[in-house]
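Peer 1: compute the structure for the input listed below.
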Amino acid sequence: MIVWSVFAVGAVYVWAAAPLMAGAALLASLAPSTTGASRETRTLDALLVASVVAAAAQLVPLPPAIRAAVSPRAKTVVSAASLLDGDEWQPLSVSPASTAYSIGLVLTALVVFWTARSCCARGLTLRLVRHVAFAGLLVALSAIACHAVGDRSLIYGRWRPLDAGAHPFGPFVNRNHFATWVVMACPLAAGYVAAALRREPSPPGAAARLLAAFEWLGTTAAWVGVSGIIMLLGLVASTSRSGLIALAASLVCGAWLSRGRLTPRRGLFGLLAALVLVALVSTLVNVHPLLARVEETLRVGLGGRPRIWHETLRIIRDFPLTGTGLGGYQTAMFVYQENRRALFINQAHSQYLHLFAEGGLLLSIPVTLAVVAFVRLIRERLAHDTPSDACLRIGAASAIVAVAVQGFWETGLRIPANGLLLAATAAVAVHRPSCASRASSST
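Peer 2: Numbers count the residues shown, from 1 in each chain. Alright, predicted model coming up:
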């Protein structure tokens, strides 16, 4: 499902997302419900279910009086967008069809999260991360190739996106959406490589170590590392400023979570490896377009984003309790957009503002509590991890921090491919290590 979603144009269109929902329904019927679950995950799972219930509550038809008391501006938006008078029973969502579709995507991501967590509990964490890394290798190679020789305004250098003003990069409609996927996949690949290195004992003697290093270059872990480097090259070629900032945040998070777990020698080796990687990327990729975009940012600031945020805050002020309904942002913006309409605003360019505009307090409260429970669970798992399990978990946690940082400027998680990868990454971050994994590590 993850591979299909990323290569099928990020699954942004219904023809690509529908098979994902069908696959999630099949997974839910076949996958064991208890594997991977534990006493520690009950609070998190309950809050995730509560978030879905809160979103579904936006679809419940209400009498006009109650709807006007809870969401006074909903009638105005529905009347302007659909030319209906809004005097009959209607749901809180200003776009019920979009809300139902969005809930389907959320349920798909939750099924992937629970299924991936079960797989990790059965000792398949390395396999899961390996598949993500190799998929990222193909995605980055195709993106770099299309960017170098194809029409940069086309998806895969061949198909024109439906979105006006899109900036395609590889299979993604927008280069920042590609960056969202990569800033999750790269830390996962780094965690895989670090876990492999921790599992391999260091042989005595300089000659033996050199021979072991050459032998290691032919292992799967080395190819996962190569995949991470190619994805990094693709990220730089995409010139996504938010993606590079997010990746830098993941590096800081990884270093902070690794404190106390690394010897001075390993820490120095990691720093040197990072410097060599930066030098390699600077040599292989033309960084002048990226530097030009950074210079543009310093000169003109955030561009049109403050105006978009201002428009979004107007929606939030009028829909503070229940929001416009998941997927209802675009419908509400038909009424609220005051800027020039040559380009229609279809997203808030901030994951947090977008969520609050569509969900209000009704959805934001359970989601925030779920995030708190998620962070606490990661801390508990890290406290009892073996060194190799800790590497994988730190990589996943760093990936989630990267997405959280990018979310201040972008809404990449609205793309189904990114949502599914986030679900799998979250599963790696909170999974319960299998007994076989612990036994292997202690041996």
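Peer 1: count the residues that sit near residue 19.
Peer 2: Using other Cβ atoms under 10 Å, residue 19 is surrounded by 14 other residues. For glycine as for every other residue, the C-beta is placed from the backbone atoms N, C-alpha and C.
Peer 1: that one and residue 4 touch, don't they?
Peer 2: Yes. Using Cβ atoms under 8 Å, residue 19 makes contact with residue 4 at a distance of 6.6 Å.
Peer 1: and the helix ranked longest in the chain, how far from the chain's centre?
Peer 2: Secondary structure of the chain read by DSSP state H shows that its longest helix is helix 351-383. Offset of helix 351-383 from its chain centre (Cα atoms, centre = their mean, to the nearest Å): 14 Å.
Peer 1: residue numbering should commence at 683 henceforth.
Peer 2: Sure, I'll start counting at 683 from here, so that last one is helix 1033-1065.
Peer 1: low-confidence ranges, this protein, go.
Peer 2: Applying pLDDT under 70 to the chain flags the ranges 713-720, 763-769, 832, 846-847, 881-900, 944-953, 962-985, 1021-1025, 1116-1125.
Peer 1: which residues of it fall in strands?
Peer 2: Assigned by DSSP state E, the strands in the chain number zero.
Peer 1: what's the burial count for the closest residue to residue 843 other than its chain neighbours?
Peer 2: Nearest residue to residue 843, sequence neighbours excluded (Cβ to Cβ, 6 or more residues apart in numbering): residue 855, at 4.7 Å. Neighbours of residue 855 under the rule other Cβ under 10 Å: 20.
Peer 1: ok, so what distance separates residue 855 from residue 1035?
Peer 2: Distance, residue 855 to residue 1035, by Cβ to Cβ, to the nearest Å: 21 Å.
Peer 1: before we move on, what about residue 864?
Peer 2: Distance, residue 864 to residue 1035, by Cβ to Cβ: 24 Å.
Peer 1: of those two, which one has the most company?
Peer 2: Using other Cβ under 10 Å as the criterion, residue 864 and residue 1035 rank with residue 864 on top: 31 against 22.
Peer 1: just checking, that one touches residue 913?
Peer 2: Yes. The criterion here is Cβ under 8 Å, and residue 864 meets it with residue 913 at 4.9 Å.
Peer 1: show me the common contact partners of the two, please.
Peer 2: When contacts are counted by Cβ atoms under 8 Å, 6 or more residues apart in numbering, residue 864 and residue 913 are jointly contacted by 818, 821, 822.
Peer 1: which of those residues fall in helices?
Peer 2: When those are checked against helices (DSSP H), the matches are 818, 821, 822.
Peer 1: can you count the residues close to the second one?
Peer 2: The one in question is residue 821. 26.
Peer 1: equivalent analysis for the last one, please.
Peer 2: Number of residues near residue 822 (other Cβ under 10 Å) recorded here: 27.
Peer 1: chain neighbours aside, what residue packs nearest to it?
Peer 2: Sequence neighbours aside, residue 916 is the residue nearest to residue 822 in space, at 3.5 Å (criterion: Cβ to Cβ, 6+ apart).
Peer 1: so what's the one you found up against?
Peer 2: Neighbouring residues of residue 916 by Cβ under 8 Å, 6+ apart: 821, 822, 823, 825, 826, 852, 860, 864.
Peer 1: next one: residue 1089
Peer 2: Taking Cβ under 8 Å, 6+ apart as the criterion, residue 1089 is in contact with 1032, 1033, 1034, 1095.
Peer 1: and the helices in the stretch 883-1032 of the chain, which stretches?
Peer 2: With DSSP state H, counting those that start in this stretch as the criterion, the stretch 883-1032 of the chain has helices at 888-898, 902-920, 923-939, 946-966, 970-982, 987-1000, 1011-1018.
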